[in-house]
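J.: generate a structure from the sequence data that follows.
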Amino acid sequence: MVPDRAYESVIEKRFEPWKFDWLSTAPGAAEPALLQRAQQYLSMLHRISELLAGARDVPGLSEATLRGILEITAADRAALVLRRTDPATGDVEVAAARSRGQSPAQFSVSRTLVADVIERGLSTFAHDASTDERFNDESGVVEQQIRSVMCVPLRTADDILGALYVDSLSGAGRFNEVDLDLLSAIGNHAGVALHRVRLLQQLERQSLDTIRAIAATIDAKDGYTHRHSERVALLARRLGGEMALPDDVLSTIELSGVLHDVGKIGVPDAILNKPGRLTPDEFAQMKEHPTYGARILEHIQSPQVRAALPGVKHHHEKWDGSGYPQGLRGDGIPLVAQLIGVADFYDAVTSPRSYRGAIAPQAAIDLIKQAVGSHFSVAIAGLVVRLHERGDLGLEPSE
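T.: Purely as a prediction, here's the structure:
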């Protein structure tokens, strides 16, 4: 905690990161004390910057920011509040809240104060909220016995994205101007980090949209596989859901399904659309598509795409090691690839092809059961059987 200083009941100021007035105006402070205070201040900011540097999404950034604030201030609670882009849903939303001992779900910020800070861009501090007229209409502040409060803008060079809000429940006078300056500096760092995260997410979405369009184009090369990748992605995700896998893993599985045949762009159309059986040489070329797909996608600098690569590259591996491209066997086959593999098989046999008609879902389930131990594991085949028995496979028929 930064050393205390005599406090004022209310402070409002526009933070300027290149000015440290409190370092030069502290009454009677000896030079060594000022240097120690400056060292503490800069050390804290450095720690916060390191925490924020690794954040790649808003939840991660929020967690890093609030954890750092509670470590280096006397606040009992902290919240990161974002400005809403749609006024119809309200002006602000609490994106994340953290508390030393109280459940964040019980956290109620002073929306009057937050809205004022965002609107005017001024860092503000209330020594005792219970006697501050700005909180007269804030029933949550009174009910929760909130005392000292600080709120600072979450800003970039060009905009204010929201605010950081901290308060104390245990007594007035917990914060001072030095704390306000420190929190304001954190708000600047967090604002820039938030802007960076949003840009990264926007680029990620644009990249994934482009990739999905490419995958759909590849499916469209063959009228018989129209929307095949979509259906494989849907079924594989449902299989992962049956295993109660976390949401981030389910998203990876779904993306792997969308991209699993992207390597077919390197296979001649004459082979893809051949009405009869492939010759050994043609089949050898077809077997290269998982490797082609992985090579294409390796050039995309996206954590989501990289996480999907095992499913793309290995979805034709088989449980007994007779698959391709590497002949992986058993648990050596990545789980995402096992799920994509069985989903790909099911959709392929229940869809018409140039060289055969579609078979009924029950017949496809029977084939999967027969392939346990050779193509699929007992566990993976069991997932499909359970979904089928419940009527939850839910794949729309081929068009």
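
J.: show residues contacting stretch 232-241.
T.: For stretch 232-241, the surrounding residues in contact (Cβ atoms under 8 Å, 6 or more residues apart in numbering) are 249-250, 253-258, 260, 311, 336, 339-340, 342-344, 346-347, 380, 383-384, 387, 392-395. No exception for glycine: its C-beta is placed from N, CA and C like everyone else's.

J.: give me the buried subset of those residues.
T.: Buried subset of those (neighbour count, 16 or more other Cβ atoms under 10 Å): 250, 253-258, 260, 311, 336, 339-340, 342-344, 346-347, 380, 383-384, 387, 393, 395.

J.: just the buried positions in the host helix or strand of G240, please.
T.: Using DSSP states H and E, G240 falls within helix 228-242. By neighbour count with 16+ other Cβ under 10 Å, helix 228-242 contains the buried residues 228-240, 242.

J.: and that helix, how far out from the chain's middle?
T.: Distance of helix 228-242 from the chain centroid (Cα atoms, centre = their mean, to the nearest Å) equals 20 Å.

J.: show me what whichever helix or strand comes after it is packed against.
T.: Next in sequence after helix 228-242, counting helices and strands by DSSP H and E, comes helix 247-259. Helix 247-259 sits against helix 177-220, helix 228-242, helix 303-314, helix 335-349, with contacts defined as 3 or more Cβ pairs under 8 Å, 6 or more residues apart in numbering; DSSP states H and E.

J.: got CSV for those helices, with mean pLDDT too?
T.: Output for the helices and strands packed on helix 247-259, formatted as CSV (pLDDT from 0 to 100):
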stretch, mean pLDDT
helix 177-220, 78
helix 228-242, 93
helix 303-314, 92
helix 335-349, 95
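
J.: Throw those helices into JSON lines and include distance to A358, thanks.
T.: What follows is those, written out as JSON lines (distance: least, Cβ to Cβ, whole Å):
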{"stretch": "helix 177-220", "distance to A358": "16"}
{"stretch": "helix 228-242", "distance to A358": "12"}
{"stretch": "helix 303-314", "distance to A358": "24"}
{"stretch": "helix 335-349", "distance to A358": "7"}
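
J.: so for G373, which of those sits nearest?
T.: helix 335-349 (13.4 Å; Cβ to Cβ).

J.: which helices and strands does that closest one pack with?
T.: Contacts defined by 3+ Cβ pairs under 8 Å, 6+ apart place helix 335-349 against helix 228-242, helix 247-259, helix 303-314, helix 361-370, helix 378-390.

J.: now do stretch 275-292: distance to the chain's middle.
T.: Here stretch 275-292 is found 37 Å from its chain centre; the criterion is Cα atoms, centre = their mean.

J.: residues in contact with that stretch?
T.: 260-268, 271-272, 274, 312-316, 324-325, 354-355.

J.: mind checking which of the residues you listed are buried?
T.: Here, 16+ other Cβ under 10 Å leaves 260-265, 267, 271-272, 312-316, 324-325 buried among the contacts of stretch 275-292.

J.: just those residues now: which is nearest A193?
T.: V312 (31.6 Å).

J.: that closest one and G293 touch, don't they?
T.: Yes. V312 lies in contact with G293 (Cβ atoms under 8 Å); the separation is 4.7 Å.

J.: pull up the overlap in contacts between these two.
T.: By Cβ under 8 Å, 6+ apart, V312 and G293 have these common neighbours: 259-260, 262-263.
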